[in-house]
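> Generate a structure from the sequence data that follows.
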Amino acid sequence: MSAAGLPNAARGLLPRFTLKDGDTFLLADALGDIQGSNDGLFSNDTRMLSRLELELAGRQPSLLGAAVSQDNTLFTAHLTNQPLPALGERAIPKEVIHIERNRFLWKSRLYERVRLTNFSGEAAQVPLRLCFAADFADIFEVQGLARKQRGTSLEPEVSETSVRLSYRGLDRKLRSTAVRFGTAPDVLSSQEACFTLDLPRGDVAELYFEIGANGTSCPSAERFEAGLRSLSTSMQHRLRQGAHISSSGRLFEEWVQRSRADLALLTTALATGPYPYAGIPWFATQFGRDAIITALQMLWLDPGIAAGVLRFLASTQADQDSAFRDSEPGKILHEMRRGEMAALDEVPFRRYYGSVDTTPLFVMLAGAYEERTGDAALVAEIWENLLAAMSWIEHRLDASDSGFLDYARGATSGLANQGWKDSHDSISHADGSLPRGSRWRHSRLSVANRTEVWPGVPGLSSCAPLLSSASGSSPSATTRWRSMVMASAVQCALRTPDTCCTAVCRAQSTPRGWPNSFFRPTSRRDGASAHSRIARRATTPCHITMAPSGLTIPLCVRRGSRATWGATA
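Numbers count the residues shown, from 1 in each chain. So this is what the prediction gives:
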């Protein structure tokens, strides 16, 4: 593949590669260049570098190949030269200079090495230019959201081996990017650095530079290698967390290792513990729903992720009403941003709570985590947050006449769709038209008309007072199940740790599109489990088996009904 001489539109077809470290990520093309548009080096939702292009004698190199290492730490691009004009006695023919670009992110800094090898039969002088710029655009600007006003770009600071580009935002925060070179360029300005490299036949020349918000150390081979070792050690530590899977099947083993490395890349160490970010590039931040689902899926392998997710979401739980942020006391975070536009409330996402399912999923994760680990201390630590979450669910159901958790955004700046498919056009009628109106129903979280608790059954009788305290009324008298069944599982986990108990409810209806049967086993660390299978027939007998007692409870579910149950406790 050759990218030489291609216009920017055509170069945009080159594959993109990403790197991430903490709250910093890089998006660049296969040449290793940042072309503007959507590319860039981003930190805390601000584009700190909007251009980084490598040229030889004013021409872009040809691409030979590019890849990111298996552990997602090191990007490598292999390039070669186009014909170069003579600086000495001879011109340089094409494809005789090999250019290797290696880069990684560590401690919010970009480290890069450019290595040139002369494979021609003659000595060569290679003119190399590196062009750079920083527009300090907010991540929402990069995605196309226009702003009425921006901050001020400050005068660049240029020294012998470095350039500092700075911007003072409307939030009065100073953001800076420093480009530092290990070798003094022949020419250095606020936009480019020019070098002339003498390459004897078969010789190698290396150029080191670093880009970050701060730092005064001179880039060098030693700093590059030391930083790469530290990054690799950190990544290996993350990859060793939790249990491991091995297989004799080569493709399966590669798939597992690739998945593990991708999750390790997304997982960020916060003060509250590990937290999986939602995705790179545009979702490299804390999302509630995505992290909870990831934690649930990884619970059997690495429950430490769930612990970190629960602690962070508890610490950011809403405690006030805000139509702008779609927040209400008890709601769990949907999304968190740290850029200039979020700080100025130009967008509601500094802490945004517009999701209908994150709060019940938070309660579900707490119950599943305790069941998996027996760590009642963590559940006790966030107990008040769980109660607040349940209170929000109850109040929303009190206000609902549908029997479902539904939602409506408080302001037009919020998300119109607040289920897991939350893009503006993700929900449509059969004819493709978008729904109109202020209320959008979420059909995946069902509640029941009636709660059935068997007071004479060991393990189940203990649910009654707990459900009563959660709903504010006696289970036998309540007219609507106003809390999720998982809440009883969490409560029973703390108060009856050695007893398996399951609450069963009868739903209003089976949402359209659900499968004809639904099966979910839940297993406890000591082998106890609860199993239930419900099929939709005219009258379907089914049962729940309680372990370790072996007690079987028969149920009879009518057509159009669904039984819902909690986890074993």
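> Let me see the domain layout of the chain.
Here the domain parsing of the chain from automatic domain parsing is 8-235, 251-423, 447-569.
> Which among those is found nearest to Ala430?
Proximity to Ala430 (Cβ to Cβ) singles out domain 447-569 among these, at 11.1 Å. For every residue, glycine as well, the C-beta is placed using N, CA and C.
> Show me the longest helix that occurs in the protein.
Across the chain, the helix with the greatest residue count (assigned by DSSP state H) is helix 221-239.
> name the element Phe104 belongs to?
Assigned by DSSP states H and E, Phe104 belongs to strand 97-106.
> any residues touching that strand, and which ones?
Contacts to strand 97-106, defined as Cβ atoms under 8 Å, 6 or more residues apart in numbering, come from residues 19-21, 24-26, 31-32, 54, 56, 61, 73-81, 84, 110-120, 124, 126, 199, 227-228, 230-231.
> Put the buried members of the residues you listed into a PyMOL selection.
A single PyMOL command is used to select the members of those judged buried by 16 or more other Cβ atoms under 10 Å:
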select buried, resi 19+20+21+24+25+26+31+32+54+56+61+73+74+75+76+77+78+79+80+81+84+110+111+112+113+114+116+117+118+120+124+126+199+227+228+231
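> So which of the contacts of strand 97-106 belong to helices?
Checking the contacts of strand 97-106 against DSSP H, those in helices are 227-228, 230-231.
> and those residues as JSON lines, adding distance to Glu370 and pLDDT?
Formatted as JSON lines, the ones in helices among the contacts of strand 97-106 follow (distance: Cβ to Cβ, whole Å; pLDDT from 0 to 100):
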{"residue": "Gly227", "distance to Glu370": "40", "pLDDT": "97"}
{"residue": "Leu228", "distance to Glu370": "40", "pLDDT": "97"}
{"residue": "Ser230", "distance to Glu370": "36", "pLDDT": "97"}
{"residue": "Leu231", "distance to Glu370": "35", "pLDDT": "97"}
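> Using PDB, write out every CA atom in the longest helix of the chain.
Extracted in PDB, the C-alpha atoms of helix 221-239 (Å, rounded to 0.1, in the frame of the first residue of the first chain):
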ATOM      1  CA  ALA A 221      17.000   6.300  23.700                       C
ATOM      2  CA  GLU A 222      17.300   5.600  27.500                       C
ATOM      3  CA  ARG A 223      14.100   7.400  28.400                       C
ATOM      4  CA  PHE A 224      12.300   5.700  25.500                       C
ATOM      5  CA  GLU A 225      13.400   2.200  26.500                       C
ATOM      6  CA  ALA A 226      12.700   2.900  30.200                       C
ATOM      7  CA  GLY A 227       9.200   4.200  29.600                       C
ATOM      8  CA  LEU A 228       8.400   1.300  27.300                       C
ATOM      9  CA  ARG A 229       9.600  -1.200  30.000                       C
ATOM     10  CA  SER A 230       7.400   0.500  32.600                       C
ATOM     11  CA  LEU A 231       4.400   0.500  30.400                       C
ATOM     12  CA  SER A 232       4.900  -3.200  29.500                       C
ATOM     13  CA  THR A 233       5.200  -4.100  33.200                       C
ATOM     14  CA  SER A 234       2.000  -2.200  34.000                       C
ATOM     15  CA  MET A 235       0.200  -3.900  31.200                       C
ATOM     16  CA  GLN A 236       1.400  -7.400  32.200                       C
ATOM     17  CA  HIS A 237       0.200  -6.700  35.700                       C
ATOM     18  CA  ARG A 238      -3.300  -5.800  34.400                       C
ATOM     19  CA  LEU A 239      -3.300  -8.900  32.200                       C
END
